[in-house]
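Novice: Sequence plus the predicted model coming up.
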Amino acid sequence: MTRFQHSIDALIGKEAAAEVRLGIAVSGGPDSMAMLWLATHAYPGRVEAATVDHGLRAEARAEAEMVGRWCTEQGVPHAILAPAQPITGSIQASARAARYALLHQWREARGIAWLLTAHHADDQLETIVMRLNRSSGVGGLAGIRARNRAVLRPLLGWRRAELLAIAQSCALPHVLDPSNEDARFDRVEMRRHIAGVDWLDPLAASRTAAACADAEDALAWLVHDLAARHVHATGEARWELDRHDFPREIQRRLLLHMLARAEPDTPPPRGDTVDQALVQLLCGRKACVGHWLFAGGARWSLSAAPPRSAI
């Protein structure tokens, strides 16, 4: 119990934790049921729970009701949430987006400060390995953030086996989601490979991810400061960087900042597009990124790209 409280204290501060109301996202699996048990005992009377039925499995409603019955026995308010529209497209990504949208709507309606999810150290290791395989940088290797806006993940320093042991020793009702064994999903396949490697330490990986998260925050802070001083709007849809004698990663992030200024509602380019543009700028040349043209020289500029034949 104390360990769980220390995790919350580390994320939001001991003073805030003394009066906080927590919303627990509970799927009915052993991880989230263990977290619900920990939270209800650590913060009695200040916990509510919600379960999302995505409508993807016939058993999901019964599992959500199972969680609801346990919550009723413990005096914990519980809600079952369901999306208004069927989940389509990429099932895992679409279900995740719908789940978080529903949970945040519920949290805000209930006046709850923080939403807790049961991601743990084994999840973190899987995430880091998958991102390594996709050439992620510091931000990607930060993995699952322990605190992200109104979401807290206090179990990133806990192992999956520890949470299962809590669920079993406390006789908590729980179910195993069959989709967690479906090899069609990349994460499930990665989990199987990692399970056969005993020298990978999930807790060490979780600490590495936390260090990367700190580094990412520091870089973001520095780039924000440099951009305020050195990136200037010089006309309609045109920006200049008046100094670029910075380390390469700072240069790359300043280019991303300029693109974000140009198209604030567009996600940043993926892959090595910006890295390739940076190479051209360092040689004093031009480079297109989407609908935008970077030009090198003493000052680097960004403006709307002319037709390709004119570049």
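Specialist: Nice, thanks for sending it over.
Novice: Phi, psi for Ala79 please.
Specialist: Torsion angles at Ala79 (phi, psi; degrees, to the nearest 10) stand at phi -130, psi 140.
Novice: Based on its surroundings, how many neighbours for it?
Specialist: By the criterion of other CB atoms under 10 Å, Ala79 has 18 neighbours. For every residue, glycine as well, the C-beta is placed using N, CA and C.
Novice: does Val21 really touch Gly111, like I thought?
Specialist: Slight slip there: residue 21 is Arg, not Val. Yes: using CB atoms under 8 Å, Arg21 is in contact with Gly111, at 7.2 Å.
Novice: From the neighbour counts alone, determine which of those two ranks first.
Specialist: Between Arg21 and Gly111, Arg21 has the larger neighbour count (other CB under 10 Å), namely 15 against 9.
Novice: burial measure for Leu203, as a count.
Specialist: 16.
Novice: centroid residue for the protein?
Specialist: Ile144 (4.9 Å; CA atoms, centre = their mean).
Novice: residues in contact with it?
Specialist: His119, Asp123, Gln124, Thr127, Arg153, Leu156, Ala209 (CB atoms under 8 Å, 6 or more residues apart in numbering).
Novice: Leu141 too?
Specialist: Leu141 touches Ile128, Arg131, Leu132, Thr208, Ala209, Cys212, counting by CB under 8 Å, 6+ apart.
Novice: one more time with 10 Å, if that's ok
Specialist: Thr127, Ile128, Arg131, Leu132, Ala205, Thr208, Ala209, Ala211, Cys212, Ala213, Ala215, Glu216 (CB atoms under 10 Å, 6 or more residues apart in numbering).
Novice: any residues in contact with both of Arg21 and Gly111?
Specialist: Joint contacts of Arg21 and Gly111 (CB under 10 Å, 6+ apart) are Glu48.
Novice: ok but the residue nearest to the centre of the chain is inside a helix, no?
Specialist: No: counting by DSSP: H, G, I helix; E, B strand; the rest coil, Ile144 is not found in a helix; it is coil.
Novice: Sketch out the low-pLDDT regions of this protein for me.
Specialist: 177-185, 308-311 (pLDDT under 70).
Novice: So which residues of it form strands?
Specialist: Taking DSSP state E to define them, one finds strands in the chain at 22-25, 47-52, 78-81, 114-116, 147-148, 151-152, 231-235, 238-241, 286-289, 292-295, 300-304.
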